[in-house]
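Visitor: quick one: sequence plus predicted model below, questions after.
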Amino acid sequence: MNGMHEPIPIAPLHVDIEGAGRYVAANNVENIAALLISVEWPNKRPPAFHQALVKSLEALDHSVSPAQARAAFVDAAHAAGMHVIPDDTLFQMI
């Protein structure tokens, strides 16, 4: 095996990591892990950020579900002041 694997899918999301109204899509665990460590991620690194990073790595290792990694990512994005679609639109409808 050459170390390549299939991406681990998550429910698709869009996060405004590049500024208000400028959303970036993610549809797998690799995408959310990359967003967390990208230079675009805000300098704010609350505990939610670290938890999301750990959950993403654990999901890549199949230790936790992709849904758990996604939920932790959404929490980290919110803690950093970012919006996440569709999650934020679902909360507005309730």
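Guide: Looks like it arrived, so ask away.

Visitor: before we move on, what SS does residue 25 have?
Guide: Of the three states, residue 25 takes strand according to DSSP: H, G, I helix; E, B strand; the rest coil.

Visitor: just for the protein, where's the confidence low?
Guide: 1-4, 90-94 (pLDDT under 70).

Visitor: how about residue 18, nearest residue that isn't a chain neighbour?
Guide: Closest residue in space to residue 18, ignoring its immediate chain neighbours: residue 40 at 5.7 Å, by CB to CB, 6 or more residues apart in numbering. No exception for glycine: its C-beta is placed from N, CA and C like everyone else's.

Visitor: next SSE downstream of the helix or strand where residue 32 lies?
Guide: Following DSSP states H and E, one finds residue 32 within helix 29-36. From helix 29-36 onward toward the C-terminus, using DSSP H and E, the following helix or strand is helix 47-60.

Visitor: helices or strands up against the helix or strand just after that next one?
Guide: Using DSSP H and E, the helix or strand that follows helix 47-60 in sequence is helix 66-79. With contacts defined as 3 or more CB pairs under 8 Å, 6 or more residues apart in numbering; DSSP states H and E, helix 66-79 has these neighbours: strand 9-15, helix 29-36, helix 47-60, strand 84-85.

Visitor: apply 7 Å and report the result again.
Guide: Counting by 3 or more CB pairs under 7 Å, 6 or more residues apart in numbering; DSSP states H and E, the packing neighbours recorded for helix 66-79 are strand 9-15, helix 29-36, helix 47-60.

Visitor: against residue 20, how distant is residue 28?
Guide: Distance of residue 28 to residue 20, computed by CB to CB, to the nearest Å: 25 Å.

Visitor: more crowded one of those two?
Guide: Between residue 28 and residue 20, residue 28 has the larger neighbour count (other CB atoms under 10 Å), namely 19 against 9.

Visitor: leaving out the residues flanking it, which one is nearest to that one?
Guide: residue 7 (3.8 Å).

Visitor: try residue 60
Guide: Nearest to residue 60 is residue 29, by CB to CB, 6+ apart, at 5.7 Å.
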